[in-house]
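Student: Just need the structure, nothing else, for what follows:
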Amino acid sequence: MTSYAPSELGPRIGSGLLSFPVTHFTADDHSFDEGAYRDNIGRLAEYEVGGLFAAGGTGEFFSLTGAEVERVVTAAVQSAPEGTPILAPAGYGTRTAVEYAQAVERAGADGILLFPPYLTEAGQDGLAEHVEAVCRATSLGVIVYSRANAVYTAPTLARVAERCPNLIGYKDGVGDIDAMTRIHTRLGDRLTYIGGLPTAEMFALPYLELGVTTYSSAIFNFLPEFALDFYGAVRERRHDTVFKMLDDFVLPYTEIRNRRPGYAVSIVKAGMTAVGHSAGPVRPPLTDLTAEELADLGALIDGLRTATA
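Tutor: Residues are numbered from 1 along each chain as shown. Sure thing, here's the model as predicted:
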């Protein structure tokens, strides 16, 4: 199995679209359906991607136990083709995040996506110490996820980047153009920049101008060809094509997504069901789409397929 040094991993993931696979659960007791998950990883990895993020936000990291995270990551590592980078999550309090980082490194992951600390707010000094502790605990490349109660400023990222050579990336889940401009101006190509807003396709074109060369596509789970075509149009700055794809599918898709809190994940699993690759239900506190909403999504997907046939 190919492994990536931090200096190699950043450019690798920045060179292509990123996939955040869902985590498969059984319908009866919501337990991890490892066989179905392994099959799906193999299916997705047949496409050219910059990396697969196992047990990430779309993979319901927040609903998995520590032992389950390790199982999911191990399954992804073992099921992906040679050379496909597998990144894994760490999060919650600092000591817990360190334990996650060390566990997924043992499981064979190539890198780590560091989620915000659980619940509490923290100042920039505390956030810097949090990231530095995780970076020191692992030899893997670390990407910070800036969102919610862990929004990193340019000076904080510069401080951590100087102290931690294995800090390789910044994933933006905020959408603050001013902050993104300051971060990219301050750090340049020291980091790889990832778009991480819900339905990242909505922001891909303007963010490309700020050095964000890749993003996490949830749509890739169930419409990989569409997601890759969209990414190609963005990278080639084919504006008319991007806007048409937004109008034809992404915008009406987000209208369904916005009907209830938590649907950013639920709609992806619904999309899997609609295309014949069911991943089972979401776990509480999330809720699945209603039958009517699933039908709306299915009709939207069918219309897209008919138009591109």
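
Student: I figured residue 281 was touching residue 272, is that so?
Tutor: No - with contact defined as Cβ atoms under 8 Å, residue 281 does not count as touching residue 272 (11.0 Å). Quick note: C-beta positions are derived from backbone N, CA and C, even for glycine.

Student: got the residue ranges for the helices in the chain?
Tutor: Read by DSSP state H, the chain holds these helices, from start to end of the chain: 6-13, 34-44, 66-79, 94-106, 124-137, 154-163, 177-187, 204-208, 224-235, 239-245, 251-257, 263-274, 291-308.

Student: Single out the most deeply packed of the ones you listed.
Tutor: Of all those, helix 263-274 has the most neighbours on average by mean count of other Cβ atoms under 10 Å, namely a mean of 23.

Student: coming back round to it: got CSV for the helices of the chain, with mean pLDDT and distance to residue 198 too?
Tutor: As requested, the helices of the chain are exported to CSV (pLDDT from 0 to 100; distance: least, Cβ to Cβ, whole Å):
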stretch, mean pLDDT, distance to residue 198
helix 6-13, 97, 20
helix 34-44, 96, 20
helix 66-79, 98, 21
helix 94-106, 98, 23
helix 124-137, 98, 22
helix 154-163, 98, 22
helix 177-187, 97, 16
helix 204-208, 95, 13
helix 224-235, 98, 15
helix 239-245, 98, 17
helix 251-257, 98, 7
helix 263-274, 98, 4
helix 291-308, 95, 16
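
Student: Tell me which of those helices sits nearest to residue 50.
Tutor: With respect to residue 50, and counting by Cβ to Cβ, the nearest of these is helix 6-13 at 4.4 Å.

Student: For the closest one, which helices and strands make contact with it?
Tutor: strand 51-53, strand 111-114, strand 141-146, strand 167-172, strand 192-195 (3 or more Cβ pairs under 8 Å, 6 or more residues apart in numbering; DSSP states H and E).

Student: Mean pLDDT for those strands - can I get that in TSV?
Tutor: Compiled in TSV, the helices and strands packed on helix 6-13 are given as follows (pLDDT from 0 to 100):
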stretch	mean pLDDT
strand 51-53	97
strand 111-114	98
strand 141-146	98
strand 167-172	98
strand 192-195	98
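
Student: now those strands as CSV including distance to residue 245?
Tutor: Converted to CSV, the helices and strands packed on helix 6-13 look like this (distance: least, Cβ to Cβ, whole Å):
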stretch, distance to residue 245
strand 51-53, 23
strand 111-114, 27
strand 141-146, 26
strand 167-172, 22
strand 192-195, 16
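
Student: Let me have those strands in TSV, adding distance to residue 72 and mean neighbour count as columns.
Tutor: Listed next are the helices and strands packed on helix 6-13 as TSV, based on distance: least, Cβ to Cβ, whole Å; neighbours: other Cβ atoms under 10 Å:
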stretch	distance to residue 72	mean neighbour count
strand 51-53	11	27
strand 111-114	13	27
strand 141-146	18	26
strand 167-172	19	26
strand 192-195	20	25
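
Student: wait, which of the ones you listed is closest to residue 8?
Tutor: Counting by Cβ to Cβ, residue 8 lies closest to strand 141-146 out of the helices and strands packed on helix 6-13; the figure is 8.4 Å.

Student: what's the angle between that closest one and helix 177-187?
Tutor: Following axes from the mean of the first three to the mean of the last three Cα atoms, to 10 degrees, one obtains 150 degrees for the angle between strand 141-146 and helix 177-187.

Student: List the contacts of strand 141-146.
Tutor: Residues external to strand 141-146 that are found in contact with it (Cβ atoms under 8 Å, 6 or more residues apart in numbering): 4-6, 9-10, 87, 101, 110-116, 131, 134-135, 150, 152, 157, 160, 164, 166-174, 192, 194, 196.

Student: quick one: strands adjacent to that strand?
Tutor: Strand 141-146 has its sheet partners listed here by DSSP bridges as strand 111-114 (parallel), strand 167-172 (parallel).

Student: Ok, which of the helices and strands packed on helix 6-13 comes nearest residue 59?
Tutor: Each of the helices and strands packed on helix 6-13 has some distance to residue 59 by Cβ to Cβ; the shortest is strand 51-53, at 7.3 Å.

Student: Tell me which of the strands paired with strand 141-146 lies nearest to residue 217.
Tutor: So among the strands paired with strand 141-146, strand 167-172 is nearest, using Cβ to Cβ, at 13.0 Å.
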